[in-house]
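[1] Okay, structure incoming, though there's no sequence with it:
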């Protein structure tokens, strides 16, 4: 049976956009951007496997990752802009590599193209497995407590208390089994290495990071060099989650990129690949 991912649709615009959230997020993660985007975009926001109401793939590991990619492709009827944050950015890039003719543009926020070395992938799988076991043994609240203290999310910890409380409430609503499964099928250690594919991806791509997120800003710079049609924006005074830390600027930057005119025949050059 095909993986069926729950969706939320909103917006009255003519440009189709698929939104892919980060780990511990859901289709609701983008709701605060609805006022800025609804007039111009026709949004489909997805619950990714193990999040919200979404089931897990039938397989774990790389097979589960690819099953998820194909389920996302099934949501696309016409060439679509795909916007992803962190985990969602990795999925968006893999989707473009596997189903290039279904992608109109990409917006990758704090993402990567995967891990190139086998030893790095193995180490990341072991790390994600440890997190997954932590979830299964100690539950969601203990996991979220530890996750929120990671240095990567220092910018989120600087948000107003009410915003942090709302974000935490959404995170705690997840199921431990689902999140553990997501770590095992969507993690960086199991995704295919997309770095060798970047020079052949001619889809216009916006790479967004926060300048205080040194690691992902450096990764974005590497990707910008290799992608033929990439633009990189590093937003000042924010970290890993610009869409949360500076939502107005993020919304304007992304909307300007999405609505800029492009002639599709200039950048689509390959059929679906494995």
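    On my side now, so go ahead. Values in this document were obtained by computation on a predicted structure and should not be read as measured data.
[2] What ranges does this protein have for its strands?
    Remark: strands assigned in the chain by DSSP state E are 7-10, 15-20, 41-46, 80-85, 103-109, 205-210, 230-235.
[3] Show me which residues of the longest helix along the chain are buried.
    Ordering each helix of the chain by length in residues (DSSP state H) puts helix 118-147 first. Residues 121, 124-125, 128, 131-132, 134-135, 140, 143-144, 147 are the ones in helix 118-147 that count as buried (16 or more other Cβ atoms under 10 Å). Placement of C-beta: from N, CA and C, glycine included.
[4] Packing partners of it?
    With contacts taken as 3 or more Cβ pairs under 8 Å, 6 or more residues apart in numbering; DSSP states H and E, helix 118-147 sits against helix 161-172, helix 176-186.
[5] so the shortest one versus helix 118-147, what angle?
    When axes from the mean of the first three to the mean of the last three Cα atoms, to 10 degrees is applied, the directions of helix 176-186 and helix 118-147 differ by 150 degrees.
[6] for the first one, same thing?
    For helix 161-172 against helix 118-147, the angle by the same axes, to 10 degrees is 120 degrees.
[7] what's next to helix 161-172, contact-wise?
    Contacts to helix 161-172, defined as Cβ atoms under 8 Å, 6 or more residues apart in numbering, come from residues 24-26, 28-29, 140-141, 144, 147-148, 156-157, 159, 244.
[8] Repeat the analysis, applying 6 Å as the threshold.
    24, 140, 144 (Cβ atoms under 6 Å, 6 or more residues apart in numbering).
[9] Centroid-nearest residue for the protein?
    residue 88 (1.3 Å; Cα atoms, centre = their mean).
[10] residues touching the nearest residue to that one once chain neighbours are set aside, list them.
    Spatial nearest neighbour of residue 88, excluding adjacent residues (Cβ to Cβ, 6 or more residues apart in numbering): residue 20 at 3.1 Å. Listed by Cβ under 6 Å, 6+ apart, the contact set of residue 20 reads 84, 88, 91-92.
[11] Sketch out the low-pLDDT regions of the stretch 101-250 of the chain for me.
    Across the stretch 101-250 of the chain, nothing is flagged by pLDDT under 70.
[12] And the contacts of helix 161-172, which is closest to residue 43?
    Among the contacts of helix 161-172, residue 24 lies closest to residue 43 (Cβ to Cβ), at 20.4 Å.
[13] Please identify the most buried of the helices and strands packed on helix 118-147.
    Among these, helix 176-186 has the highest mean neighbour count (mean count of other Cβ atoms under 10 Å), at a mean of 22.
[14] That one packs against which elements?
    Counting by 3 or more Cβ pairs under 6 Å, 6 or more residues apart in numbering; DSSP states H and E, the packing neighbours recorded for helix 176-186 are helix 118-147.
[15] repeat that with 10 Å
    In terms of contacts (3 or more Cβ pairs under 10 Å, 6 or more residues apart in numbering; DSSP states H and E), helix 176-186 is packed against helix 61-73, helix 87-98, helix 118-147.
[16] Right, I'll call it a day here.
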